[in-house]
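Student: return a 3D structure for these sequence lines:
(one chain, ligands or ions: 1)
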Amino acid sequence: MKIGILTGGGDCPGLNPTIRGFVMRALDYNFEVWGIREGWKGLVQGIVEEQPLTVGRVEELVSQGGTMLRSSRTNPYKDPAQLAAVKQNIGKFGFDCIIALGGEDTLGVASKLWKDGFPTVGVPKTMDNDLSETDYTFGFDSAVGVNVEAVDRLRDTARSHSRVIVLEVMGRHAGWVALYSGIAGGADWILLPEIPLDYEAMCAHLKVAYARKGYCIVVASEGVNLPNLDESAAKLDAFGHVILSDRNVGETIASEIEKRTGFETRAAATGHIQRGGPPSAFDRVLASRLGIRAAQCVHEKDFGKMVAVRGTEIVAVEIEKAVGVLRTVPLDLYETAKTLFSK
Ligand code: F6P
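Tutor: Below you'll find the predicted structure:
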């Protein structure tokens with residue numbers, strides 16, 4: 001069996017450990033695994049590695065962030081010529097199956113290819129943690145770890161200077177990263193895309209917390225709905241998503257807090273720092289198990305599936321279901337978290 005493996009979309013810690021896990025198990029089945037460069041772009045342009053992946057190439061990957069195969073946000077279904085090239089190149093390289101490591105967009109392409117008759121298996125990757133059918137995606141835990149360290153550091157400055165500091169974090173249209181970073185960092189308010197932004201309630205609470213301790217920390221998701229924001233001219237990526245960092249959520253919220261409370265307020269953002277560096281131990285284990293399970297799917301010819309974690313089990317689910325609906329933060333979880341920033 002000849003297998004092509006690719007990583008698409010934003011990089012995140014866990015991609016390399018997944019590749020390692022996949023190759024290690026694939027070799028048990030005597031499969032040949034070929035690295036496709038830069039996500040779906042590699043299949044559009046016909047760029048694969050010169051040799052199949054070996055133990056030597058992958059054995060040290062467990063601690064490495066990023067992706068050894070490189071990534072892109074190429075969407076071949078946007079352009080019939082690109083799609084034709086993908087299909088032609090799958091045939092040219094003689095791939096029996098494509099393994100796609102990615103989020104909603106990359107796996108959306110894998111799902112469509114499967115419907116078009118090409119065997120695919122997906123592995124859920126995204127720091128946003130917003131894929132359905134899986135309890136977690138790798139990259140999320142590592143990103144939250146970076147943000148919690150950032151909050152701990154910002155607290156020192158906030159306290160020293162009697163300031164409010166707003167930390168803007170990624171996560172797109174799901175608030176998982178902000179919620180977990182805010183809870184674990186001990187934020188005084190957390191803003192999520194799922195919850196309408198209520199400046200009045202937030203500033204009233206910040207005044208109470210500030211009166212007690214002389215500083216405050218707010219964690220805000222980049223996808224928070226800002227009142228009166230005109231996004232009609234916003235820049236879009238290849239999958240049609242608004243580039244959220246352009247919205248300046250942190251700065252906008254910080255200036256509104258300063259205006260309403262009179263407290264000196266600053267904004268900070270962890271940005272792409274959240275996606276770099278070594279994977280957390282949790283992500284290393286999750287990614288390794290998902291990679292191994294994906295190779296088992298190929299062995300069992302269980303295609304059109306995405307491997308997933310449910311509780312403590314690794315299972316295989318329909319890719320189509322995983323990419324159909326965005327998994328957002330349930331209201332009751334946010335309400336529970338509010339206990340921690342209501343006094
Ligand atoms: O989907 C992952 C993610 O990091 C989002 O949280 C963020 O909005 C986006 O990617 C940033 O993308 P880029 O790397 O293209 O700036």
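Student: per-residue confidence at the residue of the chain found nearest the ligand?
Tutor: Closest contact between the chain and the ligand, by CB to the nearest ligand atom, is at Met170 (3.2 Å). Placement of C-beta: from N, CA and C, glycine included. Note for Met170: predicted pLDDT of 98.
Student: in this structure it contacts Gln274, no?
Tutor: Yes. At 5.6 Å, Met170 and Gln274 qualify as touching, with contact defined as CB atoms under 8 Å.
Student: show me what from the protein comes close to the ligand.
Tutor: Counting by CB under 6 Å from any ligand atom, the positions of the chain adjacent to the ligand are Gly10, Gly103, Thr126, Met127, Asp128, Met170, Gly171, Arg172, Glu222, Leu244, Arg275.
Student: what about Thr261, distance to Phe282?
Tutor: As judged by CB to CB, to the nearest Å, Thr261 and Phe282 stand 37 Å apart.
Student: just flag the most distant two among the residues of the chain next to the ligand.
Tutor: Taking CB to CB as the measure, the residues of the chain next to the ligand span a maximum distance of 15.2 Å, between Gly103 and Glu222.
Student: all strands of the stretch 101-250 of the chain, in order?
Tutor: With DSSP state E, counting those that start in this stretch as the criterion, the stretch 101-250 of the chain has strands at 120-124, 164-169, 189-191, 216-221.
Student: circling back: could you dump the residues of the chain next to the ligand to a markdown table with neighbour count and distance to Ser160?
Tutor: Shown next, in a markdown table, are these (neighbours: other CB atoms under 10 Å; distance: CB to CB, whole Å):
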| residue | neighbour count | distance to Ser160 |
| --- | --- | --- |
| Gly10 | 21 | 34 |
| Gly103 | 26 | 38 |
| Thr126 | 27 | 35 |
| Met127 | 29 | 30 |
| Asp128 | 27 | 33 |
| Met170 | 25 | 27 |
| Gly171 | 30 | 28 |
| Arg172 | 23 | 33 |
| Glu222 | 24 | 27 |
| Leu244 | 20 | 31 |
| Arg275 | 20 | 29 |
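Student: what's near enough to touch Gly321?
Tutor: Small correction: residue 321 is Lys, not Gly. Neighbouring residues of Lys321 by CB atoms under 8 Å, 6 or more residues apart in numbering: Ser132, Glu133.
Student: helix or strand: which one has it?
Tutor: According to DSSP states H and E, Lys321 maps onto helix 319-324.
Student: ok, and for that helix, which residues are buried?
Tutor: Using 16 or more other CB atoms under 10 Å as the test for burial, helix 319-324 gives Ile319, Glu320, Ala322, Val323.
Student: quick revisit: now do the shared contacts for Met170 and Gln274.
Tutor: Common contact partners of Met170 and Gln274 (CB under 8 Å, 6+ apart): Met127, Ala143, Val177.
Student: now, those that are in helices?
Tutor: The helices, defined by DSSP state H, take in Ala143, Val177 from the shared contacts of Met170 and Gln274.
Student: re earlier: buried deepest among the strands of the stretch 101-250 of the chain, which one?
Tutor: Highest mean neighbour count among the strands of the stretch 101-250 of the chain (mean count of other CB atoms under 10 Å): strand 120-124, with a mean of 31.
Student: which other residues reach that one?
Tutor: Here strand 120-124 makes contact (CB under 8 Å, 6+ apart) with 18, 22, 97-103, 106-107, 110-111, 113-114, 131, 134, 137-138, 290-291, 294, 297-298, 302-308, 319, 322.
Student: let's see 6 Å
Tutor: Contacts with strand 120-124, where a contact means CB atoms under 6 Å, 6 or more residues apart in numbering, come from 18, 98-101, 107, 110, 113-114, 131, 134, 137, 290, 294, 297, 305-307, 319.
Student: in this structure, which residue sits furthest out from the middle?
Tutor: Distance from the C-alpha centroid of the chain, by CA atoms, centre = their mean, peaks at Ala211 (36.7 Å).
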